[in-house]
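1. sequence unknown, structure follows:
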């Protein structure tokens, strides 16, 4: 039996870090999860986890999906840095530089949502669907758009959580809590915006609270915009807010109502339950996506040597 | 001197048709423009224009950029058809089939906005900017997103004119005139919506009318969403409404105000005058884009023979 080649993966989230050694979802050799504290302590733990696998030659490439705002432009002097962030101690942290310096191996680096989208495309529920969209609705809102197996990069990496959408001020006078745009999608529908508006965490708000129809409306408005702009063949919704599973059917229903038959496609008209879906990899889209990213980097390095 | 190879191009608009024989913007051999009437008469005139160039062997490939809603999925049984449209007589017209049947040569076919975007990318103002976005704001609103030299196609061709954006009901109680979504971007900001709201065509509304600030706000909201989602490196705004040139500076100003420094990029922060721009090919983005589309088809045919 041939040994499968192993890679390292880091889901570097603002709340927790997940580090794995794996060749894919069916072959996870080791895994560690810990809270995100200071950069020194958190990156230090990750480094300590990987070091033995590197010295023994078991891995030589690591993929990282990191929280942001992140500089992912390779030509930029601050490539691999986290920019200004409310997360204490992390503003202007050279995440990529610290990891490279300490580990001395090849590191592939991208945003947490791009990497989670890649994981779902490689092994999860959007396998075979090109292009596909992965959206996380949690502490923040962000999206990764995967086209021909790669996350879209243009002028910058997309920041699609900050869309301008209609704000129902009559039913929802809440001003919004995005520090940049007040009532953008993230400012109206992220976990913190729910808690600020209702005074309790969304996880404790009962299913029959009328607020959830507003939440579904905001999510559906944003999805309609992504559908009309990016035309994905599959939309995966992850993140803490989407743990409230009843939201899926309300969001699907509202997307169809908003589109109103305009996009005459079977996926939307007849099979929307298979079109807007939860992650296939559960809470491992990010860490396994980081493995997929590392594999892509190795492929590129090989290609460039040919 | 070597003769440059010639191609045929059709800009098939809902208002007018433009047919050209050219190898590019500096070498246009013949051109004809006429009003769009019935499908028989209009397509008949186009066919008559091209026939002599085909029989003499001067062209063997034509590109078409067609108004819609259009079926551009090659696998679909109604590929090349115009679907239900308010344009009298054109619903369910097999534009591609009629042209192919009459002309008997290779025809490349796409939406008017995708083709105009391609023209601007090949020879116009978005040359060298990948990805780029071409938006037309006129009788309807639509966008073509060009990535690696090709229009984006996903589940369908994007329909980004119908975005949901904030509607300022206080200053603008107009209900919107999109038959599908009332107050989507097109329903609020297209030429017909301006005329319906103000009772006169937008072309006659004076520059100091306060309505134009609303119009700039709607356009800027949509542009912000495209920027955050598609991350284009250049945005080209064409179409009848954008003939009111004073709108450009207002739209640019409002985009920066709305983004509020969130996308920390020089193109947006310092050089927005070069980022949101009018077409470089004037009123020929569509017809020359059709030539570029024909050239791409010939390249693909060649490649597949290798």
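-> Sure, I can see it. Everything numeric here is computed off the predicted structure, so don't read it as measured data.

2. Against chain B, how distant is the spatially most central residue of chain A?
-> By Cα atoms, centre = their mean, chain A has its centre lying nearest to residue A:113, at 2.1 Å. Distance, residue A:113 to chain B, using Cβ to the nearest Cβ, to the nearest Å: 13 Å. Backbone N, C-alpha and C define where each C-beta goes, glycine included.

3. Over to residue A:9?
-> Relative to chain B, and taking Cβ to the nearest Cβ, residue A:9 is found at 25 Å.

4. Is that residue within a helix or a strand, and which one?
-> Here residue A:9 is covered by strand A:7-12, with elements defined by DSSP states H and E.

5. Tell me the helices and strands packed up against that strand.
-> Identification of packing neighbours for strand A:7-12 by 3 or more Cβ pairs under 8 Å, 6 or more residues apart in numbering or on different chains; DSSP states H and E yields strand A:16-24, helix A:39-55, strand A:61-66, helix A:112-123, helix A:285-305.

6. Give the next helix or strand downstream of the third one.
-> It stands for strand A:61-66. Immediately after strand A:61-66, counting by DSSP H and E, sits strand A:81-82.

7. Report the strands that pair with the very next helix or strand once past that following strand, each with its relative direction.
-> Moving toward the C-terminus from strand A:81-82, the next helix or strand (DSSP H and E) is strand A:93-94. Strands that pair with strand A:93-94, judged by DSSP bridges, come out as strand A:81-82 (antiparallel).

8. Residues contacting the partner strand, please?
-> A:66-71, A:90-97 (Cβ atoms under 8 Å, 6 or more residues apart in numbering or on different chains).

9. change it to 6 Å
-> For strand A:81-82, contacts defined as Cβ atoms under 6 Å, 6 or more residues apart in numbering or on different chains pick out A:70-71, A:90, A:93-95.

10. ok now that strand, how far from the chain's centre?
-> 16 Å (Cα atoms, centre = their mean, to the nearest Å).

11. One more: stretch A:143-154?
-> 12 Å.

12. Name the stretch among the helices and strands packed on strand A:7-12 that sits most buried.
-> Mean neighbours per residue, mean count of other Cβ atoms under 10 Å in any protein chain shown, is largest over the helices and strands packed on strand A:7-12 for helix A:112-123, with a mean of 29.

13. what packs against the very next helix or strand once past it?
-> Per DSSP H and E, the first helix or strand lying C-terminal to helix A:112-123 is strand A:132-137. The contact analysis (3 or more Cβ pairs under 6 Å, 6 or more residues apart in numbering or on different chains; DSSP states H and E) places strand A:132-137 against helix A:112-123, strand A:141-147, strand A:235-238.

14. Quick one: the strands in the stretch 201-306 of chain A, in order.
-> For the stretch 201-306 of chain A, the strands defined by DSSP state E, counting those that start in this stretch cover A:235-238, A:276-277.

15. who's in contact with the last one?
-> Here strand A:276-277 makes contact (Cβ under 6 Å, 6+ apart) with A:125, A:235-236, A:252.

16. Recalculate using a threshold of 7 Å.
-> Defining contact as Cβ atoms under 7 Å, 6 or more residues apart in numbering or on different chains, one finds that strand A:276-277 is touched by A:125, A:223, A:235-237, A:248, A:251-252, A:255.

17. Which among those count as buried?
-> Applying 16 or more other Cβ atoms under 10 Å in any protein chain shown to the contacts of strand A:276-277, the neighbour count classes A:125, A:223, A:235-237, A:248, A:251-252, A:255 as buried.

18. Just put these in JSON lines and tack on distance to residue B:86 and pLDDT.
-> Below are the buried ones among the contacts of strand A:276-277 laid out as JSON lines (distance: Cβ to Cβ, whole Å; pLDDT from 0 to 100):
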{"residue": "A:125", "distance to residue B:86": "39", "pLDDT": "98"}
{"residue": "A:223", "distance to residue B:86": "27", "pLDDT": "98"}
{"residue": "A:235", "distance to residue B:86": "30", "pLDDT": "98"}
{"residue": "A:236", "distance to residue B:86": "36", "pLDDT": "98"}
{"residue": "A:237", "distance to residue B:86": "35", "pLDDT": "98"}
{"residue": "A:248", "distance to residue B:86": "35", "pLDDT": "98"}
{"residue": "A:251", "distance to residue B:86": "31", "pLDDT": "98"}
{"residue": "A:252", "distance to residue B:86": "29", "pLDDT": "97"}
{"residue": "A:255", "distance to residue B:86": "25", "pLDDT": "97"}
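
19. biggest separation within the residues you listed, which pair?
-> A:125 and A:255 (17.4 Å; Cβ to Cβ).

20. buried ones in the helix or strand bottoming out on mean pLDDT in chain A?
-> Ranked by mean pLDDT, DSSP states H and E, the helix or strand of chain A with the weakest confidence is helix A:266-269, at a mean of 82. Across helix A:266-269, burial judged by 16+ other Cβ under 10 Å covers A:267-268.

21. ranges for the helices of the stretch 151-300 of chain A?
-> Assigned by DSSP state H, counting those that start in this stretch, the stretch 151-300 of chain A shows helices spanning A:185-189, A:191-198, A:211-230, A:247-259, A:266-269, A:285-305.

22. Which neighbouring elements make contact with the longest one?
-> So the one you mean is helix A:285-305. strand A:7-12, strand A:16-24, strand A:61-66, strand A:106-111, helix A:112-123 (3 or more Cβ pairs under 7 Å, 6 or more residues apart in numbering or on different chains; DSSP states H and E).

23. Between strand A:61-66 and that helix, find me the angle.
-> Angle, helix A:285-305 to strand A:61-66, by axes from the mean of the first three to the mean of the last three Cα atoms, to 10 degrees: 130 degrees.

24. Helix A:285-305: how far from the chain's middle?
-> Using Cα atoms, centre = their mean, the offset of helix A:285-305 from its chain centre is 17 Å.

25. and it with strand A:132-137, angle?
-> Using the same axes, to 10 degrees: helix A:285-305 against strand A:132-137 is 140 degrees.

26. contacts for helix A:285-305?
-> Against helix A:285-305 from outside (Cβ under 7 Å, 6+ apart): A:7-11, A:18, A:20, A:22, A:24-25, A:61-65, A:106, A:108, A:110, A:112, A:115-116, A:118-120, A:122-124, A:238, A:279, A:281.

27. coming back round to it: let's have the helices and strands packed on helix A:285-305 in CSV, adding mean pLDDT.
-> Shown next, in CSV, are the helices and strands packed on helix A:285-305 (pLDDT from 0 to 100):
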stretch, mean pLDDT
strand A:7-12, 98
strand A:16-24, 97
strand A:61-66, 98
strand A:106-111, 96
helix A:112-123, 98
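
28. Using JSON lines, lay out the ones you listed together with distance to residue B:202.
-> As requested, the helices and strands packed on helix A:285-305 are exported to JSON lines (distance: least, Cβ to Cβ, whole Å):
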{"stretch": "strand A:7-12", "distance to residue B:202": "50"}
{"stretch": "strand A:16-24", "distance to residue B:202": "53"}
{"stretch": "strand A:61-66", "distance to residue B:202": "46"}
{"stretch": "strand A:106-111", "distance to residue B:202": "41"}
{"stretch": "helix A:112-123", "distance to residue B:202": "39"}
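
29. picking up where we left off before, what separates the least confident helix or strand of chain A from the chain centre, distance-wise?
-> Put simply, helix A:266-269 sits 25 Å off its chain's centre (Cα atoms, centre = their mean).

30. anything in that helix near chain B?
-> Yes. Judged by Cβ under 7 Å from any Cβ of the partner chain, helix A:266-269 comes into contact with chain B at residue A:267.

31. Check what contacts that helix and list those residues.
-> So helix A:266-269 is contacted by A:256, A:259, A:275, B:155 (Cβ under 7 Å, 6+ apart).

32. re earlier: pairing partners for the strand holding residue A:9, with directions?
-> Partner strands for strand A:7-12, per DSSP bridges, with pairing direction: strand A:16-24 (antiparallel), strand A:61-66 (parallel).
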